[in-house]
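[1] kindly return the folded structure for what I paste below:
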Amino acid sequence: MFRQGDTENIYTIYPADFHSYTLHHNLITDFDAFSLKLGSIMKINRALRLGFAMEFPTTFKIREYYDSNDELTFDDGYVDAVTFEPSEWEYKIKTPYRFDAGIGIKSSNLNLAASLTYQDWTQTRYEKPETIPMNSEYSELLSENRIIQKEFRETLNYHLGGEIIIPNSNLFLRGGYAVYPSPLKEATSDMDKKVYSAGIGFKIGESTRLDFTYLTTAWDRESEDIYTPGGTLEQVTKNQLFLGLRFQF
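    Below you'll find the model as predicted:
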């Protein structure tokens, strides 16, 4: 939703006696895809394990259902409302290869883990569904592939984590840190997503654990559209709390 109001009562003369403008965009997205990932874990010794994985490119088939309406309200209370014709749009997105590598160290009271993920985002592609004929809209969509190759880059995500088992108790303490760099070539480090996590676990049975995890993610985001042509810079913080119950067989 986009809303703009004449809060200082600047526009008072008819026919420009504008009070407020509200725009609603509604978008429903359905998608389906098939993904294939192969990996292996090597046990070097009792304490050390190495892991490797490769995920093949995944093609998402996406269907979007879109409608919108707006309301222009004047100072005398008159409302000029317009409902636009709904539309549908179908396309595909092909993701790049993904390569993962990780290491884990396990002792009696301490578990440590680290991992890296590599992706070349310039390999991302928009595709036209085979059953739909080419038109100007799909030509414009496919032209975005050249922009992706020019403005995107390779990224290397990394994750660090650890778990402490409190001796003579059923208590586990966990912490973690991860960085997800922006795929945009001109992005600053402030636009990389940085994730901090902390958790606590309780062993409530021989094979049952109750886990609480708190995550906070922070990054900067730039956006621009027809309603904010000057662009906006947002400082985004997302906080999440998870509750899990784990059964081991």
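[2] let's verify residue 16: helix, strand, or coil?
    Under DSSP: H, G, I helix; E, B strand; the rest coil, the three-state class of residue 16 is coil.
[3] quick one: neighbours of it, just the number.
    11 (other Cβ atoms under 10 Å). For the C-beta atoms, the positions are set from N, CA and C on the backbone; glycine is no exception.
[4] let's have the chain start at 576 instead
    Will do, 576 is the new start, and the previous item becomes residue 591.
[5] ok, it to residue 650 distance?
    Distance of residue 591 to residue 650, computed by Cβ to Cβ, to the nearest Å: 10 Å.
[6] same question, residue 656
    Residue 656 is 17 Å from residue 650, by Cβ to Cβ.
[7] now residue 661
    Separation of residue 661 from residue 650 (Cβ to Cβ): 31 Å.
[8] counting neighbours, go ahead and name the busier of those two.
    Each of residue 661 and residue 650 has its neighbours counted (other Cβ under 10 Å); residue 650 has more, 16 against 10.
[9] contacting residues around that one?
    Shown in contact with residue 650 (Cβ atoms under 8 Å, 6 or more residues apart in numbering): 587, 592, 593, 594.
[10] now the third one. Nearest residue, chain neighbours left out?
    By that I understand residue 593. Excluding the flanking residues, the one nearest residue 593 by Cβ to Cβ, 6 or more residues apart in numbering is residue 586, at 4.1 Å.
[11] which secondary structure state is assigned to the one you found?
    Assignment for residue 586 (three-state DSSP): coil.
[12] residue 716 too?
    Following three-state DSSP, we place residue 716 in the helix state.
[13] from residue 703, how far off is the residue nearest to the spatial centre of the chain?
    Nearest residue to the geometric centre of the chain (Cα atoms, centre = their mean): residue 768, 9.7 Å. Distance from residue 768 to residue 703, counting by Cβ to Cβ: 31 Å.
[14] again, but for residue 583
    48 Å.
[15] please say which of those two ends up with more neighbours.
    residue 703 (17 against 6).
[16] tell me if I'm right that the more buried one and residue 715 touch.
    No. Counting by Cβ atoms under 8 Å, residue 703 sits too far from residue 715 to count as a contact (11.1 Å).
[17] wait, residue 730 sits on residue 699?
    No. Counting by Cβ under 8 Å, residue 730 does not reach residue 699; the two are 11.6 Å apart.
[18] check contacts around residue 661.
    640, 641, 642.
[19] now tabulate those in JSON lines and tack on neighbour count and secondary structure.
    Listed next are the contacts of residue 661 as JSON lines, based on neighbours: other Cβ atoms under 10 Å; DSSP: H, G, I helix; E, B strand; the rest coil:
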{"residue": "640", "neighbour count": "13", "secondary structure": "strand"}
{"residue": "641", "neighbour count": "15", "secondary structure": "strand"}
{"residue": "642", "neighbour count": "14", "secondary structure": "strand"}
